[in-house]
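Enquirer: here is my input; please provide its structure:
(2 chains)
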Amino acid sequence: MWRSAALALAVGLAVVPAAAEEKRSGYDDAGPQVRAMQDDDMANPAFLWVQQGAALWERREAGRSCADCHGAVEAMRGVAARHPAFDAARGRVVTLEQQVNLCRTERQGAAALAAESDALLGVVALVGLQSRGLPVDVDVSGPAGEAAARGEAFFHLRQGQLNLSCAQCHDRLAGQSLAGSRIPQGHANAYPIYRLEWQGMGSLHRRLRACLVGVRAEPLGRDDALLAELELFLASRAKGLHVETPGVRP
Amino acid sequence: MARPLLNVPREVKAGQSFEVRILIQHAMETGFRRDAMGAVVPRDIIHRFECTVEGEEVFSATLHPAVSANPYLVFTARLERSGTMVLRWVDDAGVTAEERVAIRVA
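Expert: Numbers count the residues shown, from 1 in each chain, chains lettered A, B, ... in the order given. Got it, this is the predicted structure:
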């Protein structure tokens, strides 16, 4: 105890604990092979989904395609950086996945794409890619701030049989080891991601579900307002980092 | 089968080696997994990949169940004259896919 305190004094004065001081993307904590996969669009398997999304962008359904209204997908630059966003008309937070399906059902007149389907992940990855390199820039003023605060409360809530909160690991213990892996800060700036463990692509919801099941808590439902609020809080927490979509994670 | 991501130079120098990179979307089901009901999920992997130029084999590979989903293959080739590169692969379900690229030798 005394010795570690002395050590902390000796070393700690200059070196501030990395925890909240410096924001690190999951990319920074990944191994060199995983980083190399993400760095090369030709080796990043997520681009198989992006390619599918690009085909879907042009495909007419119910007489119209995404491109017919939005034009070239490059026009979507910045959209992913601003999502999840508070929708004043609906009075709730809308994630990018939900926005794509709202657009399909309300404006295009097409059926909603199934959650976690290759088609939906493809379109969201394609739109997300347009914002790659831009800083995460969600709006958390006014009612959006109240929504993000509810998400933040959930982030700090101890839950599940393991009685753990997100913050305990991803704020306080980030940078330390859990088994053989480094605990990342848990920033959601690269979704949807290609995760090697999944051998496929998945959304932030799938990732959060895995986290909650991991601490043996009740996972949030896909349409639960709290899920979108948590995603909004995570985005506001990642401010200062750049959008990496589509990321590769171990 | 969805289209792969293929990266091949369209123009190369005679006798100089170049890189061919291909990323193929495939589940590569190992045949060792069981579904929720306990039944074995049948093996379905790309078991053969071949690359030819004008009928002559440039590269071929036999793949086995330990290869992860969406296999990424990188190999080098060398051409003396222009031709069409044909990349062909077949999986356990019998699905064959093919990509053709015309390469000009300068």
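Enquirer: end-to-end on stretch A:218-232?
Expert: Stretch A:218-232 has its terminal residues 20 Å apart, counting by Cα to Cα, to the nearest Å.
Enquirer: ok, now stretch A:23-35?
Expert: When the end residues of stretch A:23-35 are compared by Cα to Cα, they are separated by 17 Å.
Enquirer: point out where chain A drops to low pLDDT.
Expert: Applying pLDDT under 70 to the predicted model, the residue ranges of chain A that meet it are A:1-21.
Enquirer: would you mind measuring from the residue in it that chain B sits nearest to to A:Ala188?
Expert: For chain A, the residue closest to chain B is A:Gln199, as judged by Cβ to the nearest Cβ, at 3.9 Å. Placement of C-beta: from N, CA and C, glycine included. If you measure A:Gln199 against A:Ala188 using Cβ to Cβ, to the nearest Å, the figure is 21 Å.
Enquirer: which residues does the residue most central in space within chain A contact?
Expert: Nearest to the centroid of the C-alpha atoms of chain A, with distances taken as Cα atoms, centre = their mean, sits A:Ala188, at 3.1 Å. A:Ala188 makes contacts with A:204, A:207, A:231, A:234-235, A:238, as judged by Cβ atoms under 8 Å, 6 or more residues apart in numbering or on different chains.
Enquirer: pull out the buried residues from the residues you listed.
Expert: By the neighbour-count criterion of 16 or more other Cβ atoms under 10 Å in any protein chain shown, the contacts of A:Ala188 include these buried positions: A:204, A:207, A:231, A:234-235, A:238.
Enquirer: residues from chain B in reach of chain A?
Expert: Where proximity means Cβ under 8 Å from any Cβ of the partner chain, the interface of chain B facing chain A comprises B:2-5, B:7, B:21, B:23, B:25, B:27-28, B:68-70, B:72.
Enquirer: pull the contacting residues for the residue of chain B most remote from its centre.
Expert: When distances are taken from the C-alpha mean of chain B, B:Met37 lies farthest, 33.1 Å away, according to Cα atoms, centre = their mean. With contact set as Cβ under 8 Å, 6+ apart, B:Met37 has no partners.
Enquirer: helices of chain A, start to end?
Expert: Under the criterion DSSP state H, chain A contains helices at A:2-12, A:18-21, A:26-29, A:32-39, A:46-58, A:66-70, A:79-82, A:96-102, A:118-129, A:143-155, A:166-167, A:204-214, A:225-237.
Enquirer: mind putting these in CSV, distance to chain B included?
Expert: What follows is the helices of chain A, written out as CSV (distance: least, Cβ to the nearest Cβ, whole Å):
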stretch, distance to chain B
helix A:2-12, 41
helix A:18-21, 32
helix A:26-29, 19
helix A:32-39, 9
helix A:46-58, 4
helix A:66-70, 19
helix A:79-82, 21
helix A:96-102, 20
helix A:118-129, 8
helix A:143-155, 30
helix A:166-167, 29
helix A:204-214, 16
helix A:225-237, 24
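Enquirer: between these, which gets nearest to B:Met85?
Expert: Taking Cβ to Cβ as the criterion, B:Met85 comes closest to helix A:46-58 out of the helices of chain A, the separation being 20.1 Å.
Enquirer: buried residues, that closest one. List them.
Expert: Along helix A:46-58, these residues count as buried under the neighbour rule (16+ other Cβ under 10 Å): A:46-54, A:56-57.
Enquirer: run through who's touching that helix.
Expert: When contacts are taken as Cβ under 8 Å, 6+ apart, the neighbours of helix A:46-58 outside the stretch itself are A:41, A:65-67, A:73, A:118-119, A:121-127, A:129, A:192-194, A:201, A:246-248, B:2-5, B:23, B:25, B:70.
Enquirer: so, low pLDDT: which residues of chain B?
Expert: The low-confidence ranges in chain B, as defined by pLDDT under 70, are B:1-2.
Enquirer: ok and the residue in it nearest chain A?
Expert: Of all residues in chain B, B:Ala69 sits closest to chain A, with a separation of 3.9 Å (Cβ to the nearest Cβ).
Enquirer: with B:Gly15 as the reference, measure out to that residue.
Expert: If you go by Cβ to Cβ, the gap between B:Ala69 and B:Gly15 works out to 36 Å.
Enquirer: and these two? which has more neighbours close in?
Expert: In terms of neighbours (other Cβ atoms under 10 Å in any protein chain shown), B:Ala69 is the more surrounded of B:Ala69 and B:Gly15; the figures are 18 against 9.
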